[in-house]
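A.B. asks: here you go, sequence then predicted model.
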Amino acid sequence: MRHPAEDYIFRAKFSSLANKDIIHAYENILHRPNENESKSVEARQIIDLKIGVAFSVFQTTKLTEKYPMIQVITKTISYGPCQFPTLGFCIERAERIKKFKPEPFWTLNVSIRSDLTAVGKHELKWKRKRFFMQELCATIYELVKDEKQAVVVDVTKSFDTQNKPMGLNTVKLLKVGSSAFGLSASITMKVAESLYLKGYISYPRTESTSYSSNFNFIEILESHKSHPDWGKYATQLLENGHEKPRSGNDAGDHPPITPVK
């Protein structure tokens, strides 16, 4: 039996805490709650909870028995379906580190000065890049260290094309956090979640790398015009035109991670 109050219940749909998204959702409330959607979400929550609890208990019990020192770091080794991409990345990185065998090497760094260019000083790139024999590298150094002039014997020009980037998803965010800043996955996500809750970025847990066709890039750029660091760049993009990111994968969950203010 339908309850009379259901005539006054609507659902506002938004996937970001940005002001514009919340206001737009409330100004365009045309959706009544879908019972099947609600039940599917509830079913997913129950499945995730049961699987997560069962495997977390199993992992914690078995691994702490084998490696007691783990208890010094954490009391629980959690498991969750959303952690799979991160886990795969961590394992891949750990295997590469384990297999890597460092070797000492030597290289020559040479710079020249020229009055013919505005730059003045030029850093030369050695085609050989490095030697693994110190004596050989030292021999070449002795041959060139007293030279006062360099002669240009050939000029080669080349052109390279770099593809536009795709939208940023969670896995890419974690990789950048690790490679660029040396942050662990947990710290990267804590920072991202803090920025999200403060309204600086969109929801940071997403598998999508593609923006929807109606995504308003102009509005995002407008919100950055007054920023002290990159406001001028945002203004230039608005005045001269901007390129949309390369099309990626639309997982249907949340849009790519985007700075909203």
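C.D. replies: Nice, thanks for sending it over.

A.B. asks: just the mean pLDDT for the biggest helix by length in the chain, thanks.
C.D. replies: Secondary structure assigned by DSSP state H gives helix 35-66 as the longest helix of the chain. Confidence over helix 35-66, taken as the mean pLDDT, stands at 89.

A.B. asks: by contact count, what packs against the helix or strand just after that helix?
C.D. replies: Sequence order places helix 70-73 as the next helix or strand after helix 35-66, per DSSP states H and E. With contacts taken as 3 or more Cβ pairs under 8 Å, 6 or more residues apart in numbering; DSSP states H and E, helix 70-73 sits against helix 35-66. Where C-beta positions appear, they are placed from N, C-alpha and C, glycine not excepted.

A.B. asks: what residues sit buried inside the helix it packs on?
C.D. replies: Buried positions in helix 35-66, judged by neighbour count with 16 or more other Cβ atoms under 10 Å: G52, T60, T64.

A.B. asks: give me the distance from that helix to the chain's centre.
C.D. replies: Centroid displacement of helix 35-66 relative to its chain, using Cα atoms, centre = their mean, to the nearest Å, is 27 Å.

A.B. asks: helices or strands up against that helix?
C.D. replies: Against helix 35-66 (3+ Cβ pairs under 8 Å, 6+ apart) you get helix 70-73.

A.B. asks: following the helix it packs on, which helix or strand shows up next?
C.D. replies: Next element after helix 70-73 (DSSP H and E): helix 84-99.

A.B. asks: need the contact partners of that following helix.
C.D. replies: For helix 84-99, contacts defined as Cβ atoms under 8 Å, 6 or more residues apart in numbering pick out T170, V171, L174, K175, S178, A185, E207.

A.B. asks: return the distance of the residue most central in space within the chain relative to Y203.
C.D. replies: Taking Cα atoms, centre = their mean, the centroid of the chain lies closest to L173, which sits 2.0 Å from it. Here L173 is placed at a distance of 12 Å from Y203 (Cβ to Cβ, to the nearest Å).

A.B. asks: now the common contact residues for those two.
C.D. replies: Common neighbours of L173 and Y203 (Cβ under 8 Å, 6+ apart) are I257.

A.B. asks: just confirm the residue nearest to the centre of the chain is within a helix.
C.D. replies: Yes: counting by DSSP: H, G, I helix; E, B strand; the rest coil, L173 is located in a helix.

A.B. asks: go ahead and confirm it touches A192.
C.D. replies: Yes: applying Cβ atoms under 8 Å, one finds L173 in contact with A192, separated by 6.3 Å.

A.B. asks: what is in contact with those two at once?
C.D. replies: Residues touching both L173 and A192 by Cβ under 8 Å, 6+ apart: P204, I257.

A.B. asks: before we move on, the earlier item: can you list the buried residues of helix 35-66 in CSV and add distance to P245?
C.D. replies: Below are those laid out as CSV (distance: Cβ to Cβ, whole Å):
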residue, distance to P245
G52, 33
T60, 41
T64, 44
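
A.B. asks: tally of neighbours for L237?
C.D. replies: Using other Cβ atoms under 10 Å, L237 is surrounded by 17 other residues.

A.B. asks: alright, that wraps it up for me.
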